[in-house]
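Student: Next input, structure requested:
(2 chains)
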Amino acid sequence: MKIFITGIGGISAAGRNITEHLESFQLMRRNAGTVSLFDTFLPYPVFEVKSPLINKQKNEMRTLSLAMSALKEALHDAGLQKDFSGIKTGVCLGTSVASQLNDIDFYRTYRNTGAADMAAVDRFLKGNLAEAVARSIKASGPSITVVNACSSGADAIGVALSWLRNGVCDIAIAGGADELNRVPLCGFGALGILSKFLCSPFDRDRSGLNLGEGAGILILETEEFSRLRGKKSVLRLAGYGAAADAYHLTAPRPDGSGLESALRKSLADANITPQDVCFVNAHGTATHDNDKVEGIMLEKIFGQQIKFLSTKGYTGHTLGAAGGLEAAFTATALREGWIPASAGFVQQDENIPVRPITEQTQINGSFAVSTSLAFGGNNASIVISKDQGNQPEP
Amino acid sequence: MPLLLFPKIKATNLNPEPFLRAYYMNIAGIGIISTRGRGIDSLDIALRQGWIAPSQTKSHSNDQNVFYPAYRVKKETINDITILKKIRRADKFSKMAVMAARDAVIDSGIQINHKESEVGIILATAFGPHVTTFRFLDDIIDYGDGSVSPTTFSHSVHNAAASYISSLLNIRGPTVTITQFASPIHQSLILAKAWLTEKRCKYVLIGCVDVCGNVMEYICNQKLRIANDGKIRPFNFSASPSSVPGEGSVFFMTTLENCQNKYCEIIPAYITNCDTIEKSDINIIEADGMAGDETSYQNTAPVDVFAGGYSPIFGSMKIISAFHCTVSALMLKKQIRYACPVQDNPYDLNLITKTESAEIKQICCIRKNCANKTDIIKLIR
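Tutor: Reported below is the predicted structural model:
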């Protein structure tokens, strides 16, 4: 069964929509700065979304605002209105921060006095990402918020693919959203994986990641559903693979076998070989371990000539949003026929047998892969295709 | 670009999800941790014993005389020396998850060695490891942004528990942690069925976990009506029902394969109208005070069908359906009807009032969730 991508939306520090992202990619614009959303003395640069339309947790979770912004763009791209009454519509979104009741002001007051205002709790209870989005569009199908840390967005897209193929829904809204928050900033800082400089994925001198925020959303439809409503798209979600490292809470398995398994499963799911893939949008966080394991595995599976990049140099690491945003970028790149330079890369690491592309590059192929690796040892891989009429049926 | 509606599609896509036999999965093994102990045998004992009053926890408030009732899992329940070394840093949330998952695998009798990639994990929770999150916030408040514990942070992430499960049991298939306030087990079952059908895996460990803590007890006390006597009354069908927070974990080892020792078959389905509930031998009414107004449960218990409700054993939880599915699976396997632990019955329902042998072919677990939908999970022998 073919599953079409009929709408794409994205918001991050690199742009408030997909068009602005493409401009940032072309100009190699990196909109990082110091934290302005909350007070902290931590010196790490971050990629914040600067938009008056994204609120700062007054009435709703900021993550939900980001998701709704990307959703609006994706629905418009798909030619859909914001009312799915009567349609079997699934909503599957990944996040990390929005799943936690981590309002520090609420907690501090409770801790000091034994009582606290319930506004933060109400916001949290109304803010389960998939449930809130499903409510807002009157979706009547399944809804799941995936909390697989940094692979949440990619896994959410994979879940939606399974729903659609199994007839659980006819159309699905899938991707991820996450806000910049003090908890992960302090936590990643304590783990020693935040860089004090702009991140440089796959570079020899990489010194860690920069946190970001954003949302990336795809509208996915079965072939029959999109045909019945007269919507044509050349982009397909062709495959998904996931595998657990079964190794460590925070470090990737050094031999990369979990990532290898996820990648091979996604290619098999799409019924293609590694040679069919024209580029890989890598997870590429710019941490020492991630980039080493991922680089070695990309070479092992796709060979030395594989074109790959990390877009985290433009967006920062948007955690639960990353898989959604990067799937959106991958699909857009296939549609546009070019991929941007991997921002921040200068010198090849002798421990990594491949190097990302360093300038805007034309691509000419039908299949692309987006990878995600996460805390907890989750590995996910998505295959997106540009339909050219005679591709293999998954 | 013109906005397209759905003119040709709307009428044809509203078919209710059918209870087709082909949609069923087998429950091959179960692991459970609750306030009443660990393992399926402890559940059998608890169901025979009936209701026991919950513990009372002292409030964190300035008023030292405020106590909250809660069905907490005892420390000794999750002290397992055979695996403690491997999970020594894990918090209560992860420990409850790991032990129930491991028990489910063992209970199934399925050898997962050399089948690591054929097993998937779906772990559902409403609130995740929030006790650890608050401990991390303690670090930030007490020591500042730059002096927090990386270990506490890594355990505050929702998927830490699933990571422990995959590491300890060497499970290397797809692993997804989900957070839902409405229908967490229901959504997990739907996804598991899709994975099994697509052959992404041969077995799926489906689990639900939630933990209770001082802050959550305070929130429950503010947002819900707490039963001061500790008794949840599932059959009162009150517009403002009483609840008592609980915690625990349940895991099911599921497969499409036929297994000799299985408990039952299981399938989730949504319905929008209780009149369409298919007749079964027992309807489990999952009212526990967590989802607000319970008056609409009234038409879920026809007089010719036995009604059961076991939330008073476990406490109120968004994941209570997983516990009710466990009770149902046990009833189907043992062919025993367990007496309802609290038998207040103002609507004169056909309650199960005593524990006895019975021929039971199918049970429906019925929950009105917080999104005003009715979740049905059907289990058959």
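Student: Format the CA atom coordinates belonging to the longest helix seen in chain A as PDB.
Tutor: Longest helix of chain A, by residue count under DSSP state H: helix A:62-78. Provided in PDB are the C-alpha atoms of helix A:62-78 (Å, rounded to 0.1, in the frame of the first residue of the first chain):
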ATOM      1  CA  ARG A  62       4.900  26.400  24.100                       C
ATOM      2  CA  THR A  63       5.400  23.000  22.500                       C
ATOM      3  CA  LEU A  64       1.800  22.900  21.500                       C
ATOM      4  CA  SER A  65       2.100  26.400  20.000                       C
ATOM      5  CA  LEU A  66       5.000  25.200  17.900                       C
ATOM      6  CA  ALA A  67       3.100  22.100  16.800                       C
ATOM      7  CA  MET A  68       0.100  24.100  15.800                       C
ATOM      8  CA  SER A  69       2.200  26.500  13.700                       C
ATOM      9  CA  ALA A  70       3.800  23.600  11.800                       C
ATOM     10  CA  LEU A  71       0.400  21.900  11.500                       C
ATOM     11  CA  LYS A  72      -1.200  25.000  10.000                       C
ATOM     12  CA  GLU A  73       1.400  25.100   7.300                       C
ATOM     13  CA  ALA A  74       1.200  21.300   6.600                       C
ATOM     14  CA  LEU A  75      -2.600  21.500   6.300                       C
ATOM     15  CA  HIS A  76      -2.400  24.400   3.900                       C
ATOM     16  CA  ASP A  77       0.200  22.500   1.900                       C
ATOM     17  CA  ALA A  78      -2.100  19.500   1.800                       C
END
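Student: And the following helix or strand past that helix, what does it pack against?
Tutor: Where DSSP states H and E defines the elements, the next helix or strand beyond helix A:62-78 is strand A:89-94. In terms of contacts (3 or more Cβ pairs under 8 Å, 6 or more residues apart in numbering or on different chains; DSSP states H and E), strand A:89-94 is packed against helix A:129-136, strand A:143-146, helix A:152-165, strand A:171-178, helix A:322-336. (C-beta placed from N, C-alpha, C; glycine too.)
Student: List the neighbouring strands of the fourth one plus their orientation.
Tutor: For strand A:171-178, the paired strands and their directions (DSSP bridges) are strand A:89-94 (parallel), strand A:214-222 (antiparallel).
Student: any bit of stretch B:280-290 sitting next to chain A?
Tutor: No: contact of stretch B:280-290 with chain A (Cβ under 8 Å from any Cβ of the partner chain) is absent, the minimum separation being 11.6 Å.
Student: May I have that stretch exported as CSV, CA atoms only?
Tutor: This file holds the C-alpha atoms of stretch B:280-290, laid out as CSV (Å, rounded to 0.1, in the frame of the first residue of the first chain):
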residue,chain,number,x,y,z
SER,B,280,-20.5,-10.8,26.9
ASP,B,281,-20.5,-12.9,30.1
ILE,B,282,-19.0,-10.2,32.2
ASN,B,283,-18.8,-6.4,31.7
ILE,B,284,-15.9,-4.9,33.7
ILE,B,285,-16.9,-1.3,34.7
GLU,B,286,-13.7,0.6,34.9
ALA,B,287,-15.0,3.6,36.9
ASP,B,288,-12.3,4.8,39.3
GLY,B,289,-13.1,8.5,39.8
MET,B,290,-10.3,9.6,37.5
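Student: Let me see the mean pLDDT of that stretch.
Tutor: Mean pLDDT, computed over stretch B:280-290, is 94.
Student: same deal with stretch B:79-98?
Tutor: 92.
Student: Stretch B:252-265 too?
Tutor: Here the average pLDDT along stretch B:252-265 is 92.
Student: End to end on that stretch, go ahead and measure it.
Tutor: 11 Å (Cα to Cα, to the nearest Å).
Student: Check stretch A:41-53 too.
Tutor: Its start and end residues considered, stretch A:41-53 measures 27 Å (Cα to Cα).
Student: sorry, back to before: single out the most deeply packed of the strands paired with strand A:171-178.
Tutor: Of all the strands paired with strand A:171-178, strand A:89-94 has the most neighbours on average by mean count of other Cβ atoms under 10 Å in any protein chain shown, namely a mean of 33.
Student: just how off-centre is it within its chain?
Tutor: 14 Å (Cα atoms, centre = their mean, to the nearest Å).
Student: neighbours around the residue of the stretch 251-381 of chain B found nearest chain A, how many?
Tutor: Of all residues in the stretch 251-381 of chain B, residue B:371 sits closest to chain A, at 6.7 Å by Cβ to the nearest Cβ. When neighbours are counted by other Cβ atoms under 10 Å in any protein chain shown, residue B:371 registers 16.
Student: how about the helices in the stretch 251-381 of chain B?
Tutor: Counting by DSSP state H, counting those that start in this stretch, the stretch 251-381 of chain B has helices at residues B:311-314, B:320-334.
Student: Just name the most buried of those.
Tutor: Among the helices of the stretch 251-381 of chain B, highest average neighbours (mean count of other Cβ under 10 Å) belong to helix B:311-314, with a mean of 27.
Student: Let's test this: mean pLDDT of that helix, rounded?
Tutor: The average of the pLDDT scores along helix B:311-314 is 98.
Student: Can you list the neighbours in contact with it?
Tutor: B:34-36, B:46-47, B:51, B:71, B:231-234, B:246, B:248, B:286-288, B:320, B:323-324, B:341-342 (Cβ atoms under 8 Å, 6 or more residues apart in numbering or on different chains).
Student: So the longest helix of chain A, near chain B or not?
Tutor: Yes: residues of helix A:62-78 contacting chain B under Cβ under 8 Å from any Cβ: residue A:76.
Student: For that helix, which helices and strands make contact with it?
Tutor: Using 3+ Cβ pairs under 8 Å, 6+ apart as the contact test, the elements touching helix A:62-78 are strand A:3-12, helix A:129-136, strand A:171-178, strand A:214-222.
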